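1. sharing a model that was predicted from the sequence below.
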Amino acid sequence: MSDKTIAQSSTSLDAVERRNPFPGLRSFKYEESHLYFGRDNQIEIVLNKLVQHRFVAVVGTSGIGKSSFLYCGLFPTLFGDYQTDYSNKWEIFTFRPGESPIKNLAQSITNEAVKNNPELDPEMTFNVEYSTLTSSSMGLVDAFRGKFDKYQKNYLIFVDQFEELFRFKDIDTNTTEETLAFIKLLLTATEQSEVPVYVALTMRSDFIGDCSQYPNLTNAINKSQFLIPQMTRNEKKAAVEGPVRVMGADIDERLVQQILNDVGDNADQLPIMQHALMRTWDYWEQSAIHNEPISTGHYEAIGGMKTALEVHANEAFNELNDEQKKLCERIFKTITIKGDDGRRIRRPTKLSEIAAIAERPIEDCIAVIDNFRRADRTLLMPPQEVPLTEDSVIDISHESLMRIW
């Protein structure tokens, strides 16, 4: 984002309530694109790969910001009437594979359809989309053929955290078969030219070797991938200062330099930096006098990057009663697993399954989970504004929480 854009954003805040511009552990949302800084120079590279090959794999280490890059870097460019040979209009379908990638893809298509036409019956629409996707390897193309004839749009399938395919495929034979069918759906759609279907995915780089089981997927990734680089010191500086300036506030230069030194060159520290900045902002807002700049005093008061996340998680934990603390331990053990190779990974789990494993009512589980997904915490997902049901999938916001708490 340019200085001019920052200035315009800051000016518009006169009539708008200032809010915390840092997301914490979770990824940036598309709606927060104006708060996203640091990777402007990389957007065009990925965009060219996507348009040329109709496919791009954005690969990188945990915590480097893959999802945020797509949501706040690529999406705004596409929605800005980015022209292809087919159209300058885009519709984007986002989802994570989970244990049933084709069902989750069908649900994503259904959600967009119902959002665009509230008169549609969600269950019936899902059944139609799922049936189309599972009918043949051209299922994804067929799902958009009629839509393209009517609306003349480009269709982007965004598969976030693609590595979930490899985590869940060995659970049972059906999952393994569905993984194969899902990959074939995606690749077939990108190889035809009748309907403009594009595929973008994000994947942790330590899972790249798992793709070799699927030769066609390997070829597609070899042709069009982007290994997201470490942010430079100047890019991290922009990520710290930019959101503060957008919100019309100031941050002391000494604090900026201290944060950059604390982050160092470890990509895993970026979400922890965002979390520490979120906490620092909250503390500054509560204690600031006469609009003083955010300073090292505010940063140190929340524990800095070294302890802010651990302290914050402990705060949430210590607010629970003894029974809730026991339930909390069961919940976190359910939604994280250790792989055969020793890698600690997330295991997004339906609330109904969590309740069954913990042998507790769903309402009890919600009470604990809600304490960790408050807007000022964002330690668990989905976000606070999303009502929880038995089918809600509970997940930690980022792997860094597993390693620190």
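-> All right, it came through fine.

2. quick check: longest strand of the protein.
-> Secondary structure assigned by DSSP state E gives strand 197-204 as the longest strand of the chain.

3. give me the mean pLDDT for that one.
-> Averaged over strand 197-204, pLDDT sits at 97.

4. list the buried ones in the helix or strand following it?
-> Going down the chain from strand 197-204, the next helix or strand is helix 215-223, by DSSP states H and E. For helix 215-223, a neighbour-count test (16 or more other C-beta atoms under 10 Å) marks 217, 220-221 as buried. All C-beta spots, glycine's among them, are computed from the backbone N, C-alpha and C.

5. remind me what helix 215-223 packs against, helices and strands.
-> If contacts are counted by 3 or more C-beta pairs under 8 Å, 6 or more residues apart in numbering; DSSP states H and E, helix 215-223 sits against strand 55-60, helix 173-191.

6. now with 10 Å?
-> Where contact means 3 or more C-beta pairs under 10 Å, 6 or more residues apart in numbering; DSSP states H and E, helix 215-223 is packed against helix 40-53, strand 55-60, helix 173-191, strand 197-204.

7. show me this protein divided up by domain.
-> 39-227, 234-306, 319-404 (automatic domain parsing).

8. and the ones you listed: which comes nearest Arg19?
-> With distances scored as C-beta to C-beta, the stretch of these nearest to Arg19 is domain 234-306 (7.2 Å).

9. look at that closest one and report the distance between its end residues.
-> End-to-end distance for domain 234-306, by C-alpha to C-alpha, to the nearest Å: 22 Å.

10. and for stretch 56-76?
-> OK, stretch 56-76 end separation, C-alpha to C-alpha: 17 Å.

11. likewise stretch 201-213?
-> End to end - C-alpha to C-alpha - stretch 201-213 spans 17 Å.

12. just use 12 as the starting number from now, easier for me
-> In the new numbering, first residue 12, that becomes stretch 212-224.

13. and it, what's buried?
-> In stretch 212-224, residues buried by neighbour count (16+ other C-beta under 10 Å) are 212-216, 218-219, 221-222.

14. so how far is it from its chain's centroid?
-> Centre-to-centre, stretch 212-224 and its host chain are 17 Å apart (C-alpha atoms, centre = their mean, to the nearest Å).

15. doesn't Glu202 make contact with Ala231?
-> Yes: the pair Ala231 and Glu202 qualifies as a contact (C-beta atoms under 10 Å) at a distance of 8.9 Å.

16. can you give me phi and psi for Thr145?
-> phi -90, psi 0 (degrees, to the nearest 10).

17. and it, what pLDDT?
-> So, for Thr145, pLDDT stands at 97.

18. any idea which element the residue nearest to it when sequence neighbours are not counted lies in?
-> Residue nearest to Thr145 in three dimensions, not counting chain neighbours: Ile113, with 6.3 Å by C-beta to C-beta, 6 or more residues apart in numbering. Assigned by DSSP H and E, Ile113 falls within helix 112-127.

19. what's the angle from that helix to helix 184-202?
-> 60 degrees (axes from the mean of the first three to the mean of the last three C-alpha atoms, to 10 degrees).

20. report the buried residues of helix 112-127.
-> So helix 112-127, judged by 16+ other C-beta under 10 Å, has buried residues 112-124.

21. centre of the chain to whichever helix or strand comes after it, how far?
-> Next along the chain after helix 112-127, taking DSSP H and E as the criterion, comes helix 133-144. Centre-to-centre, helix 133-144 and its host chain are 25 Å apart (C-alpha atoms, centre = their mean).

22. contacts for helix 133-144?
-> With contact meaning C-beta atoms under 10 Å, 6 or more residues apart in numbering, helix 133-144 is reached by 111, 113-114, 116-122, 124-125, 128, 131-132, 149-157, 192-193, 196.

23. ok, back up a step: report the set of residues contacting both of Ala231 and Glu202.
-> Counting by C-beta under 10 Å, 6+ apart, the residues touching both Ala231 and Glu202 are 64-66.

24. bridged to Glu102, which residues?
-> For Glu102, the beta-bridge partners are Tyr166 (DSSP bridges).

25. that one against Glu123, yeah?
-> Yes: the pair Glu102 / Glu123 is scored as a contact, 6.4 Å apart, by C-beta under 10 Å.

26. list residues touching both of those two?
-> With C-beta under 10 Å, 6+ apart as the test, Glu102 and Glu123 both reach 158, 166.

27. and the pLDDT for Asp351?
-> At Asp351, pLDDT is 64.

28. between the helices and strands packed on helix 226-234, which one is closest to Leu412.
-> Leu412 lies closest to strand 208-215 among these, at 15.5 Å (C-beta to C-beta).
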